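Trainee: Structure for the following, please:
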Amino acid sequence: MSKDKYKENMENLNENFFQSYKNILLEYLEERVELMQLTVVEKTAVLTSKIATSIVILMFLLFSFFFASLVLALYFGEIYHSNFTGFLIVAAIYIGLSLLVILFKNKLEKPIVNLVIKQLLKQQHTSKK
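Mentor: Next comes the predicted model:
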C-alpha cells in the first residue's frame, strides 16, 4: 500500500469516526432535550393538579367559613337582641384578625416560603430516584 493510499484511508477513517461521533452526540442531545421537555410537562401537570385541588378545597372551606360566620353573627344577634349588633361584632372580629395578619405579615410569610421550598425540593428528590 502506498503512502498516499494509506493517508487517504486514514483520513476516511477519521472522517467516518468524527461523523459517527457527531451523530451520536446529536442523538444524545435530542434525547436530553426530550427528557427535559417531559420533565417540565410532568412537573407542570403535578403543579396544575395540586393548584386545582387546592382551589376546590379552598372554595369549600370559604363557603363553610362564610356560613359559620353567618351562624355566629345570628347567634350574637340573639344574645344582644339585634342582628345588626351580631353582624357588627363578627365584622369587628374579622377586622381585628386582618390587622393581626398585617402586623405579623413577615413572620407569617417566612414559614410559608420555607414550606413551599421544602415541597419543591422534596418533589425534585423524589423524581430523581
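Trainee: Quick check: what element follows the strand or helix carrying Ile57 along the chain?
Mentor: Taking DSSP states H and E as the criterion, the element that holds Ile57 is helix 3-80. For helix 3-80, the succeeding helix or strand toward the C-terminus, using DSSP H and E, is helix 83-103.
Trainee: what about this structure, any weak spots by pLDDT?
Mentor: In the prediction, the chain carries residues with pLDDT under 70 at positions 1-8, 10, 13-14, 123-129.
Trainee: go with 50
Mentor: Of all residues in the chain, none has pLDDT under 50.
Trainee: how about His81, phi and psi?
Mentor: phi 60, psi 30 (degrees, to the nearest 10).
Trainee: Contacts only, for it.
Mentor: Contact partners of His81, counting by C-beta atoms under 8 Å, 6 or more residues apart in numbering, are absent. C-beta here means a position set from N, CA and C on the backbone, and glycine is covered the same way.
Trainee: Tell me how many other residues crowd Val90.
Mentor: The burial count assigned to Val90 is 20, neighbours taken as other C-beta atoms under 10 Å.
Trainee: from what I can see it touches Val71, true?
Mentor: No: between Val90 and Val71 there is no contact under C-beta atoms under 8 Å: 9.7 Å.
Trainee: same for the helix holding Ile57, what does it pack against?
Mentor: Other helices and strands packing on helix 3-80, by 3 or more C-beta pairs under 8 Å, 6 or more residues apart in numbering; DSSP states H and E, are helix 83-103, helix 105-128.
Trainee: Which positions in the last one come out as buried?
Mentor: Along helix 105-128, not one residue counts as buried under the neighbour rule (16 or more other C-beta atoms under 10 Å).
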